[in-house]
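S.K.: mind folding the following:
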Amino acid sequence: MFPRIFAAIALWSTMWFPAQAFELPSKSTQCLIGIADTWDSSTATLTFYQKVNGHWQAAGVPWEARLGKKGLDWGLGIHPVPAGAVTKKEGDWRSPAGVFIIGDVWGYEPSVKRNPDLSYHQVTSRDLWIEDPTSPKYNQHVVIDHEPNTPWEKKQQMKQADPAHALQVFIAHNAPPKVTPNAGSSIFFHVWRGGGSKPTSGCTTMDEVKLRAFIAKLDPKQHPLYVLLPKDEYEKHRGPWKLP
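M.R.: Residues are numbered from 1 along each chain as shown. Predicted coordinates:
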């Protein structure tokens, strides 16, 4: 079955919007906003919004997150990328900026507290997420029929001896069906390291309690989105893109 999130991305990939015409899709009534100070910031403030009677309202208080060690670059989501903009690359230690569909939840536990319509995948040793830009399965989930036994397979394993990745939510940057080689892969929300003292290689991380509360709020029927931008860029696009 074609995953729900990839079907949604496929629909958006058939549409073209000039930068001035883009706005958040009207069907999206949940939105997580991440604001960084500058393009080079490795921290952000997150605020969850719910659209009520056509108006965005904050649902709870803001909380802190960590971003890529070197800050942000434009990512590949549902937003238009400005002409000539620097975009995220594999291994650049930057988080993708823009507007992204929020995908499924992945974790080591048998289940987590969530909306019953939100897909949850219990990760096993045979679940791989391909980060090799030369692979035809780049930035895709693959399940193999044997225990990983090559260095390449072991490197792609989702389940590692790493509690920070024990619970994750997919951020649809450079996601199927239109994946650009070397444009960045395996971008998730997950638990931060060192109590928030350590940046990431491109993911958005947060306190585990905050992550679980965020997951519990997500409703796929409301087509949740993640908007991550430096504050000046956010203010620039806030009106035209109809951001919260």
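S.K.: contacts and neighbour counts: CA atoms only from here.
M.R.: OK.
S.K.: and the gap between the residue most central in space within the chain and Glu153?
M.R.: By C-alpha atoms, centre = their mean, the chain has its centre lying nearest to Ile171, at 1.8 Å. Using C-alpha to C-alpha, to the nearest Å, Ile171 is found at 23 Å from Glu153.
S.K.: roughly how far out does the longest strand seen in the chain sit from the chain middle?
M.R.: For the chain, the strand reaching the highest residue count under DSSP state E is reported as strand 95-107. The chain centre lies 2 Å from the centre of strand 95-107; the measure is C-alpha atoms, centre = their mean, to the nearest Å.
S.K.: what's the neighbour count on the residue nearest to Lys69 when sequence neighbours are not counted?
M.R.: Distance criterion C-alpha to C-alpha, 6 or more residues apart in numbering; nearest residue to Lys69, sequence neighbours excluded, is Pro199 at 4.9 Å. When neighbours are counted by other C-alpha atoms under 10 Å, Pro199 registers 24.
S.K.: can you pull the contacts of Pro199?
M.R.: Ser42, Thr43, Arg66, Leu67, Gly68, Lys69, Arg193 (C-alpha atoms under 8 Å, 6 or more residues apart in numbering).
S.K.: per-residue pLDDT of it, please?
M.R.: For Pro199, the pLDDT comes out at 98.
S.K.: against Trp93, how distant is it?
M.R.: Noted for Pro199: a distance of 9 Å to Trp93, by C-alpha to C-alpha.
S.K.: shared neighbours of these two, anything?
M.R.: With C-alpha under 8 Å, 6+ apart, Pro199 and Trp93 have common neighbours Gly68, Lys69.
S.K.: tell me which stretches of this structure form strands.
M.R.: 30-36, 43-52, 55-58, 63-66, 72-74, 95-107, 120-122, 127-129, 141-143, 167-171, 188-191, 204-206, 225-230.
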